[in-house]
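Visitor: Any chance you could fold what I've pasted below:
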Amino acid sequence: MRVSGWTSGWAPRLLLDGKPLRALVEVVARQDLVALFGPRAARWGFRLVASVAAPDLRPERLAVRFSRRDVACLTEAVDEGRALRTVSVRDGAPLSDLDGALRRARGYVRCGGPALPTQSLPLLAWGGMPEPDDIDAVNGRAYEIPSVGCRILGGASVFGPGHVLDQGALVVEGNALDDVPVTWAHAAYPGLGQRRRRRIDETCIAFAGPGHRIYGHWLVDFLPRLHVARLTLGDRFADTALLWPADTPDWAGELVTLLFGPCRRIAYDPEAEILDCGRLVVPTYPLSCDHHFHPCVQNLYRPLRTTKPGWRRLCISRSRIEGRTSGARKVFPQRAAFEEAARRYGFEIVHPEEMPLREQVRLFNQAAVIVGEFGSGLHASVFAPEGTVVAAIGCFNTIQSRLCALYGQRCAYLLPRDVRVEPGTVSFSCELPEIERFLQALRDGEA
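Guide: Coordinates of the predicted model:
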């Protein structure tokens, strides 16, 4: 068995069931560390070689000791067909106060208990609106939202866009939100042994995940998680680094700075690195499997919202950004006709992705009605005033209704006649007369 990595000068030891194995240790030059830690780090690299003969040699039984207190499990040393275990972020550690969890590098710290969801306002009614069953599916479901808080972990590893391994198990939310992260992590797991390892000794936060290059996922998933970390850590948040996939778009950093102030980031390659973290903070998602938001999220966007009613009618266009994002490509044959009809009904055609971030926020602050194709652009309704109507062509999940419920806004939907979902593409179509009736209802404000 061969194990390579780096330490801060300590001679590493290979452990089996917590007991040291006899192993050959070779110093390996690591010039990549010199830029980070200075000339003294040139000889911090190592390679361990050991012969291990043991029945039932599971990866969880092996570990490397980097110092007196720091031990990392070798969970990446797996066979191709090995399944990846999961553990809920709330269930794998005892409840604890913050000081105790940080001291022990283990524990779940709550910042808010379970909550009931805010009910959506009635949908805006119009002649071609969804059927009653559709309305109930979008507006009527009410599941309890779990507690929110952070799990503190010692010796956990992070790979990909934000997957966390704790003692060989993937840390998950424990509901339907896990489908994509679990699928992605399973696909990457067999190849983890070929990735570079990097040791992170300081306390850091893992809050990103699949979709980290998509605007809407930041508004819906990652910024709310970071908000939970801030609520949990309190004054310590400012001194805690964020684990940051290196291919994250610049606008995501601007959003974080706008809402949280300057934050120190530790960038890493999500395709080629594994981070071994001495102390890791993993915030929960503050929403239930049906996308009901915990009320704590209301305060996240409050500094960028306004109490003044809006007056502008905005049509969010995808015409200049389609195919240039990391999300699924939307094929909507009536897009040009829809936007032209919106212009006739008094809507401004806007392209928020071409504006500076503060100008985008100001644009949505002034909105009375927002219409567009279902997706990330409409999720910026979090910056729109209470009472704004948010109207979507398409309703592929409940998230827009949940955002609007959180901020006292009303929804309207035009459900496409034909929807086809294929890998990387969502195609849908609407009849032009229905589009006209939809826009007229928005203009006239029927209710």
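Visitor: from the middle of its chain, how far away would stretch 298-305 be?
Guide: In terms of CA atoms, centre = their mean, to the nearest Å, the centre of stretch 298-305 is set 18 Å apart from its chain centre.
Visitor: buried set for it?
Guide: Neighbour counts using 16 or more other CB atoms under 10 Å place 300-301, 304-305 of stretch 298-305 among the buried residues. No exception for glycine: its C-beta is placed from N, CA and C like everyone else's.
Visitor: I would like the residues contacting it, please.
Guide: For stretch 298-305, the external contacting residues (CB atoms under 8 Å, 6 or more residues apart in numbering) are 223-224, 227, 258-259, 361, 365, 382-385, 406-407.
Visitor: rewinding a little: which ones among the buried residues of stretch 298-305 map onto helices?
Guide: Judged by DSSP state H, the subset of the buried residues of stretch 298-305 located in helices is 300-301.
Visitor: for the buried residues of stretch 298-305, which one is nearest residue 331?
Guide: residue 301 (31.1 Å; CB to CB).
Visitor: Show the average pLDDT along stretch 171-185.
Guide: The pLDDT scores in stretch 171-185 average 86.
Visitor: buried sites along it?
Guide: Under the neighbour-count criterion of 16+ other CB under 10 Å, stretch 171-185 has 171-174, 177-178, 181-182, 185 buried.
Visitor: try stretch 250-257
Guide: Neighbour counts over stretch 250-257 (16+ other CB under 10 Å) mark 252, 255-256 as buried.
Visitor: What of stretch 266-277?
Guide: Applying a neighbour-count criterion of 16+ other CB under 10 Å, one finds 266, 268, 270, 273-277 buried in stretch 266-277.
Visitor: what's in contact with it?
Guide: Contacts of stretch 266-277 (CB under 8 Å, 6+ apart): 5, 66, 72, 76, 153, 155-161, 192, 195-200, 204, 206, 241-247.
Visitor: Go again with 6 Å.
Guide: Residues outside stretch 266-277 that contact it (CB atoms under 6 Å, 6 or more residues apart in numbering) are 72, 156-161, 195-200, 204, 241, 243-246.
Visitor: And stretch 152-161, by the same measure?
Guide: With CB under 6 Å, 6+ apart, stretch 152-161 has contacts from 71-72, 101, 105-107, 164-166, 188, 206, 208-210, 212, 243, 245, 270, 274-277, 279-281.
Visitor: okay, now the nearest residue to residue 152 once chain neighbours are set aside: neighbour count?
Guide: In space, residue 152 comes closest to residue 101 once its chain neighbours are excluded; the distance is 4.0 Å by CB to CB, 6 or more residues apart in numbering. A count of nearby residues for residue 101, using other CB atoms under 10 Å, gives 25.
Visitor: and what of residue 164?
Guide: By other CB under 10 Å, 26 other residues sit near residue 164.
Visitor: and it, what does it touch?
Guide: 156, 158, 171, 206, 282.
Visitor: Just among the residues you listed, which is most surrounded?
Guide: Neighbour counts for the contacts of residue 164 peak at residue 158, which has 28 neighbours (criterion: other CB under 10 Å).
Visitor: what's the spacing between it and residue 112?
Guide: Per CB to CB, to the nearest Å, residue 158 is found 25 Å from residue 112.
Visitor: Check residue 354 too.
Guide: Taking CB to CB, one finds residue 354 at 37 Å from residue 112.
Visitor: who has more neighbours, the two?
Guide: For residue 354 and residue 112, the more surrounded residue by other CB under 10 Å is residue 112, and the numbers stand at 19 against 11.
Visitor: From residue 295, how far out is the more buried one?
Guide: Plainly put, residue 112 is 8 Å away from residue 295 if you go by CB to CB.
Visitor: likewise residue 98?
Guide: Remark: distance between residue 98 and residue 295 (CB to CB) = 21 Å.
Visitor: who has more neighbours, these two?
Guide: Remark: of residue 98 and residue 295, residue 98 carries more neighbours, 19 against 16, as counted by other CB under 10 Å.
Visitor: Please enumerate the helices of the protein.
Guide: 31-37, 98-104, 132-135, 179-188, 215-217, 223-233, 250-260, 298-301, 335-344, 357-365, 376-379, 399-406, 432-444.
Visitor: Sort out which residues of the last one are buried, please.
Guide: I take that to be helix 432-444. For helix 432-444, by 16+ other CB under 10 Å, it's 434-439, 441-443.
Visitor: Could you list which of the contacts of stretch 266-277 belong to strands?
Guide: 72, 156-159, 196-200, 204, 241, 243-245 (DSSP state E).
Visitor: Of those residues, grab the buried ones for PyMOL.
Guide: A single PyMOL command selects the buried members of those (16+ other CB under 10 Å):
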select buried, resi 72+156+157+158+159+197+198+199+200+204+243+244+245
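Visitor: nearest to residue 86, of the helices of the chain?
Guide: Of all those, helix 179-188 sits nearest to residue 86, with 6.5 Å by CB to CB.
Visitor: That closest one - contacts with which helices or strands?
Guide: Contacts defined by 3 or more CB pairs under 6 Å, 6 or more residues apart in numbering; DSSP states H and E place helix 179-188 against no helix or strand at all.
Visitor: So for stretch 438-447, mean pLDDT?
Guide: On average, stretch 438-447 scores 80.
Visitor: Bridging across strands, which residues link to residue 372?
Guide: Bridge pairing for residue 372 (DSSP bridges) gives the partners residue 316, residue 392.
Visitor: residues near it, how many?
Guide: Neighbours of residue 372 (other CB under 10 Å): 27.
Visitor: For the closest residue in space to residue 164 that isn't next to it in sequence, give its distance to residue 204.
Guide: What sits nearest to residue 164 in space, not counting adjacent residues and going by CB to CB, 6+ apart, is residue 171, at 4.2 Å. Per CB to CB, residue 171 is found 14 Å from residue 204.
Visitor: Mark out where each domain of the protein begins and ends.
Guide: 1-67, 75-300, 305-444 (automatic domain parsing).
Visitor: Out of the contacts of stretch 298-305, who's the most crowded?
Guide: Compared across those, residue 384 has the highest neighbour count, 30 neighbours, by other CB under 10 Å.
Visitor: residues touching that residue, list them.
Guide: 364, 367.
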